[in-house]
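[1] Sharing a model that was predicted from the sequence below.
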Amino acid sequence: MANINVTTPANHVLLISLNRAKALNALSKSLLVDVAAALDEAAANDEIRCVVITGDDRAFSAGADIKEMPEDGFPMWAAADRLKAWKTIEKFPKPLIAAVNGYALGGGCELTLLCDIVIAGEDAQFGTPEVKIAAFPGDGGTQRLPRAIGKARAMKMVLSGEFIDAETACDWGLAVEVTPKEQTVARAIEIAGIIAVNSPIAVRMAKEEILMTYGRPLDESLSLERKLLLWQTDDHDEGIAAFVEKRPAKFTGK
């Protein structure tokens, strides 16, 4: 996978680093396919409990690869392989954390919207500048951005094409923390490690339940029966035993 580097910087944590520095990590079709493939492998690997995705010091990702735009004007985001890759990222069942330094623009910003937690370096800039080339966010941004930050703020970002800085992104809910640039990835890995200590099955179910907020009415998403399944797991028994015995729990995901 020449477009990404994959490492395991901590126990049960996978780090995916986008590796198209010369193109500011522009999201080519092949890069998206590589990210999706890495996430498919992580989803099937019980040793991986949390994934961090990052770019480099200059850019998380500056957006879609403009060089891939076809001459006939057919929108590149409608290509089947791109759509499949985005859907794989969206459906990844384990926690996904973005560590953002530099630019997160267009598709790069939309990629952060698919992540569960976003840590922003103090120099990070988020934006949806597609309007400046007579386009609009075509990888889900027009729908996910208003849900994340509200209609008025999303309208301002999308219709003006202007960027927002890390502090504003945190204030608006696009990110949860702002860190010094040199600590962004380390902080994301630290949070991933904290999550990875917890029961994998409980974490996975909690993520699924939270995401129901955006797709189902409240009365449907208050699914008590699903939550009760946790009481039938070995992890739940271990959690109770560890609490009573005043020791760290050892969760297995069963």
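    Nice, I can see it.
[2] Which residues does the helix or strand that contains residue 118 contact?
    Residue 118 belongs to strand 117-121 when assigned by DSSP states H and E. Identification of contacts with strand 117-121 by C-beta atoms under 8 Å, 6 or more residues apart in numbering yields 95-102, 112, 126, 166, 169-170, 174-181, 183-184, 187-188, 191. Bear in mind the C-beta positions are built from the backbone N, C-alpha and C, glycine included.
[3] which among those residues end up buried?
    95-102, 112, 126, 166, 169-170, 174-175, 178-179, 184, 187-188, 191 (16 or more other C-beta atoms under 10 Å).
[4] Give me the subset of those residues that lies in strands.
    96-100, 126, 178-179 (DSSP state E).
[5] In the stretch 1-150 of the chain, mark out all the helices, start to finish.
    Here the stretch 1-150 of the chain has its helices, by DSSP state H, counting those that start in this stretch, at 29-44, 80-90, 107-113, 141-149.
[6] Run the angle between the second one and helix 29-44 for me.
    Counting by axes from the mean of the first three to the mean of the last three C-alpha atoms, to 10 degrees, helix 80-90 points 40 degrees away from the direction of helix 29-44.
[7] Report the backbone C-alpha coordinates of helix 80-90 in CSV.
    Coordinates of each C-alpha in helix 80-90 appear next as CSV, following Å, rounded to 0.1, in the frame of the first residue of the first chain:
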residue,chain,number,x,y,z
ALA,A,80,-17.9,2.9,-7.8
ASP,A,81,-14.5,2.2,-6.2
ARG,A,82,-14.5,5.6,-4.5
LEU,A,83,-18.0,5.1,-3.2
LYS,A,84,-17.2,1.7,-1.9
ALA,A,85,-14.1,2.9,-0.1
TRP,A,86,-16.0,5.8,1.6
LYS,A,87,-18.7,3.4,2.6
THR,A,88,-16.1,1.0,4.2
ILE,A,89,-14.6,3.9,6.2
GLU,A,90,-18.1,5.1,7.3
